[in-house]
Structures are given as structure tokens and as C-alpha cells.
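Student: Whatever this is, show me its structure:
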Amino acid sequence: MGIAIATGMVFVVGAIAVTLPGTSSGAGSPQPNADPERHATQREVADLLQRRMAAVADVDLDAWLATVDRTHPDVVTTETSRFRSLVALPVAQFSLAADRSSRPLDGDRDSVIVVTTYVLGGGSPALHRDVLTLTRVGTEVVFGSTRPVLAVADGGTLPPWYIEGIRAATAPVDSAVATILWWPSSPTSIADATELVRSGMAEVSKQLAPSLARADLSMPRAIVVAVPATRDQYRALVPGIDEDAAGFAAVTVVVPGAGGADGNQVVVDPMTWSDLTMAERQIVMTHELVHVVMSGATGGGQPLWLSEGLADHVALAPQLRAGVTRTALAPQLASVPAADAAALEPPGTDDFAVAREAATEAYSTAWLAVDYLVRTYGMDAVVDLHVRTAGDVTTSPRQQRIAELDALGVPRETWLVQWRSDLVAQLRPPPR
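Tutor: Next up is the predicted model:
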């Protein structure tokens, strides 16, 4: 499969600052290189990047390997695996550019930060940064090794082709194209994962698309779902995740994008996922797809009770339509004394920042709060509330109250009292 190199990619020599002995670091004309045989020149770095892009476009492994230090078998093995995985993926665009370089390493090496921009499955351009070392083999400058830069500011995500054995499939789902990233021995097949995404997006579109359209917001054009086979692969796709979060069946992660247009993808935790039934997997997948849709449409950052509550509202709706009661779906709240239920508040951020089992009550409470808001004030009002509270998870209580009043048309105290009364009735229906 050929991969188109992004047009308009121009390597500007002045955009990189490779530290060269005898070269001025200030303005004006550079001084002659005191040791041209030792360090890479800017022109050589530019040529390397152009050759790597051409190798990807031509699906030419030999040309790719010609840009690396082939005297080291481990480098050849790693680069071969990454190249084969890369060209097997539905990558629509691929470009490389030098961001900046650091000091020379190990006396005979330079290092340069290379920004990879790629489009996976027809989505928005995503970015990744690597530190590549440069070494001279004979008279030729090549890349000696690649070390990912997992800066928190960049989201800490790895390109999927860095994880060996990846497979991919694409399929139309609703108005989007889904890309399923899959590894052998994953707990679900590509076909099953695709069907989960298709069914999930159908439910998300049914419930959210009309309200988003009325708010002049769009559904996503592309969905990416990764289904790794091992916990190590999962952690590579979601670096920095803590032990508590590792117990959730799936997460939605931010993939840094070009021009600030970040994307989102769903990543399944194979260890937890393998314990779920297909019905439970569908609930989890639909829940995460709501996050993808709403974060993409509004920018995210809403209070967690609102975003998590809406995700569960959409994901659990088929269960309610099938006759499952709210008491059955939130059994831990059904046992709460009526006096305590009458004093409930939407959960705070800290209520979600605990292990999965301990957070269950927070998720259920958030769901029942948003479920009530949708039934009482309508989905348009709840989407409007998302828009008004987007961008800052630390929205002050006063800002939150104003947003709720503007979106719902009633003050917070009013809908809270009504919700608590509804909660008691929903979880403890009178005997017939």
C-alpha cells in the first residue's frame, strides 16, 4: 500500500540548529566547520529525512534501512519492524521535519528531534517527536538510534507502528471511517471490534448528532480504536497511566495534533477487557466513543460528572430500552438510605481519581444526574451545558452555576432538589 507524502513539506535549513564545531550559533553567516568529518551538517540531516519519506512513499524497506546504521543488528531489527508496521497501516499522509537538535552525544554523534506528522484513517494530522542520533559510517551520515520523546505536554503517545505485530482494518461506521488497530492474541477479533464500534457509533449518533448539529458542532470524520494483546502494549499506547486507571476496560487518550487540533483514540486494556461479556464490551465501547465525539466537538475539559455521566447515559440507554431497571444498573445506590440520597451532589473530580471499584458509585451518581437532566430538560440543553463548561476542568462553582442556569433555565438548587426526589423514586419505585 502506497503512502502519500504530505504536500507542502519544505525543509528549511534555518529551522534546525545542529550544534557544529566552529559554527556560529548567532545571526549572520556561519563560520567554516572546523571538523566537517565529525558532525552532521544541516544538509545531510535534510537529505536523510527526505530519503526516509521517499522510502515510505515507495514502500521500499532497503531505502529505509539505507538511512540507519546497519552495522548494529539491533538498529536494523527495530527499524525493519517499524517500517513494516508503518506501511501496513492506513496512513494517508506521512512527513518528517527536524524540530531542533541537542548537544553532540558521545563525542562522535549529534542528536536531532524529528517531528513526524501523520494522518491515520482519514482523521486529523497527528504529531510525534523522536530524538534521533546521527552517526557517520565511513563518509555517510545515518541515524544511529531512535528514542521517543514522551513529554507530558505532547500527550505521551506512541505512534502505533512502534509496537511490533500491529494489524489494521478500516470500515465505514455511521458518518465516519473507523480504523481498528489490532495485535495478534488480542482478546477480541478485528471483526468483533469493528462491530462494537459500528454499533456504538450508531447509538452515539442517534442520541447526540441532532443536538450537536443544532449547536453547530460536528460528529467526527474518523474513529481510531486500538486493541492491544498485552498490558505492556497497552502501556506503550497509554504511557504514564497509573495502576488505578489500568483497571478500567478502556480509556480515551489525546493524540497531539498539528495546529493544536488534537485527536482522540480509544485504547482497550486487554487484561480487563478479556473478563467482559460482549454486552459489557459494547457498553464500554459506546461510553468511550461518547468521549471521542464530545471531546472532538467541544474541546473537552468539562466537569467529570458531566462528561462521564453523559457517556454512561448514551451507553446504558439500550439497556433501559430493553427493560433493565436503573436499580439493576446502579445497585450500590439502591441501598443508600433515602435521607442520604436526598442530600447527594454530583461527584467531584477526586471521587473519580480512585481505583475502579471505588469509583463505581461516582460513575453511577454522575450517570443518574445526567440521565435526569436529559429526561427533564432535553439533550439540547445538556449539550449546551457541555459547550458552556468546556475547556477547564477546574471551573469554579460560580461559573458552573452560571453555566447550568444559562443551559437549563433553572438555578442549580432547583434541579438538584428535583433530581434527588427523582433519584429516590427511580431507585425505590413504590410497590404495585
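Student: Mind telling me what element residue 426 is part of?
Tutor: Residue 426 is part of helix 412-427, with elements assigned from DSSP states H and E.
Student: Can you list the buried residues in that helix?
Tutor: By 16 or more other CB atoms under 10 Å, the buried positions in helix 412-427 come out as 412, 415, 416, 419, 420, 422, 423, 424, 426, 427. Glycine gets a C-beta too; all of them are placed from N, C-alpha and C.
Student: Please report the distance of the residue lying closest to residue 377 once chain neighbours are set aside from residue 128.
Tutor: Nearest residue to residue 377, sequence neighbours excluded (CB to CB, 6 or more residues apart in numbering): residue 408, at 5.0 Å. Note on residue 408: its distance to residue 128, by CB to CB, to the nearest Å, is 41 Å.
Student: before we move on, what about residue 80?
Tutor: As for residue 80, its distance to residue 128 is 19 Å (criterion: CB to CB).
Student: Who has more neighbours out of the two?
Tutor: Legend: neighbour count by other CB atoms under 10 Å for residue 80 and residue 128, higher for residue 128 (20 against 14).
Student: Ramachandran coordinates for the more buried one?
Tutor: Backbone torsions of residue 128, given as degrees, to the nearest 10, read phi -150, psi 150.
Student: One more: residue 409?
Tutor: Torsion angles at residue 409 (phi, psi; degrees, to the nearest 10) stand at phi 80, psi 0.
Student: Quick one: residues contacting it.
Tutor: Neighbouring residues of residue 409 by CB atoms under 8 Å, 6 or more residues apart in numbering: 377, 381.
Student: now with 10 Å?
Tutor: Residues in contact with residue 409 (CB atoms under 10 Å, 6 or more residues apart in numbering) are 377, 381, 415.
Student: Counting neighbours, which bits of the longest helix belonging to the chain end up buried?
Tutor: When the chain is parsed with DSSP state H, its longest helix is helix 190-214. For helix 190-214, a neighbour-count test (16+ other CB under 10 Å) marks 190, 193-201, 203-205, 207-209, 211-212 as buried.
Student: same deal with stretch 367-386?
Tutor: 367-374, 377, 379, 381-386.
Student: Would you mind writing the CA trace of that stretch as CSV?
Tutor: Extracted in CSV, the C-alpha atoms of stretch 367-386 (Å, rounded to 0.1, in the frame of the first residue of the first chain):
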residue,chain,number,x,y,z
TRP,A,367,-25.0,8.9,35.2
LEU,A,368,-28.2,9.3,37.2
ALA,A,369,-27.7,13.1,37.4
VAL,A,370,-27.2,13.5,33.6
ASP,A,371,-29.9,10.9,32.9
TYR,A,372,-32.3,13.1,34.9
LEU,A,373,-31.1,16.3,33.1
VAL,A,374,-31.7,14.7,29.7
ARG,A,375,-35.2,13.4,30.6
THR,A,376,-36.2,16.7,32.1
TYR,A,377,-34.5,19.4,30.1
GLY,A,378,-33.6,17.6,26.9
MET,A,379,-30.4,16.6,25.1
ASP,A,380,-30.0,20.0,23.5
ALA,A,381,-29.7,21.6,27.0
VAL,A,382,-27.2,19.0,28.1
VAL,A,383,-25.1,19.5,25.0
ASP,A,384,-25.3,23.3,25.6
LEU,A,385,-24.1,22.7,29.1
HIS,A,386,-21.1,20.8,27.7
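Student: Confirm for me that the residue nearest to residue 377 is in contact with residue 385.
Tutor: Yes - under the criterion of CB atoms under 10 Å, residue 408 makes contact with residue 385 at 6.8 Å.
Student: can you list residues touching both of those two?
Tutor: 373, 377.
Student: any weak-confidence spans in the stretch 51-200 of the chain?
Tutor: The model of the stretch 51-200 of the chain has pLDDT under 70 over residues 100-109, 146-157.
Student: which non-adjacent residue is nearest residue 220?
Tutor: residue 296 (4.9 Å).
Student: Would you mind naming the helix or strand containing the one you found?
Tutor: Here residue 296 is assigned to helix 278-298, by DSSP H and E.
Student: Report all helices and strands that that helix contacts.
Tutor: For helix 278-298, the packing partners by 3 or more CB pairs under 10 Å, 6 or more residues apart in numbering; DSSP states H and E come out as strand 176-182, helix 190-214, strand 222-227, strand 250-255, strand 263-268, helix 270-273, helix 304-321, helix 379-388.
Student: Just list the residues touching residue 410, thanks.
Tutor: With CB under 10 Å, 6+ apart, residue 410 has these contacts: 376, 377, 404, 416, 418.
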